[in-house]
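In: Output the structure for:
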Amino acid sequence: MATPNDETFPAMEAAWDEIKQGVHQILESHPGATAGYMNTLGLFQIEFDTGERSPRTVYVSLDYDSDASTWPPVVRELEAYVARWPALGLDVYVGYGETAGLGYFD
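Out: Alright, predicted model coming up:
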C-alpha cells in the first residue's frame, strides 16, 4: 500500500473522529472476541531516518483476556471499514497491549 504524503493530513484529521468511532463500534459488536477488551485505539505513522514513512496504521491493543484466535474476522471487518478512505492509505494492526503508563514519562 502506498504511504500517503503530508497533503492527506487535513483529510485524515477531518475523518479521524468518524474512523475512531466506527472502529470502536466494530470492536464492540463482537462479543466474546473484542467487545469490552479494547485498551488503546490510536493512529500511528513512523518516519525513519531515511525519510521513508510507514503506512498510517490504526492501532488497536486488546486486553490479554481476549482470545486472539477470534480476531481474524474482526480484523477483516476493520480493514474493510478503513478502506472507505482509500486516499488515506490506512492499515490496521490489532494486538495485545497494556495502557499502563502510556503517554507518561518519568
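In: Could you tell me which other helices and strands the lengthiest helix in the chain packs against?
Out: Secondary structure of the chain per DSSP state H: the longest helix is helix 9-28. Counting contacts by 3 or more C-beta pairs under 8 Å, 6 or more residues apart in numbering; DSSP states H and E, helix 9-28 packs against strand 38-44, strand 56-62, helix 72-82. C-beta here means a position set from N, CA and C on the backbone, and glycine is covered the same way.
In: Same list (the ones you listed) but as TSV, adding mean pLDDT.
Out: As requested, those are arranged in TSV below (pLDDT from 0 to 100):
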stretch	mean pLDDT
strand 38-44	92
strand 56-62	94
helix 72-82	98
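In: if you compare those, which one is most tucked away?
Out: strand 56-62 (a mean of 21; mean count of other C-beta atoms under 10 Å).
In: starting at the chain centroid, how far to it?
Out: Strand 56-62 sits 3 Å away from the centroid of its parent chain (C-alpha atoms, centre = their mean, to the nearest Å).
In: Mind listing the strands it pairs with, and their directions?
Out: Strand 56-62 has the following strand partners under DSSP bridges: strand 38-44 (antiparallel), strand 90-96 (parallel).
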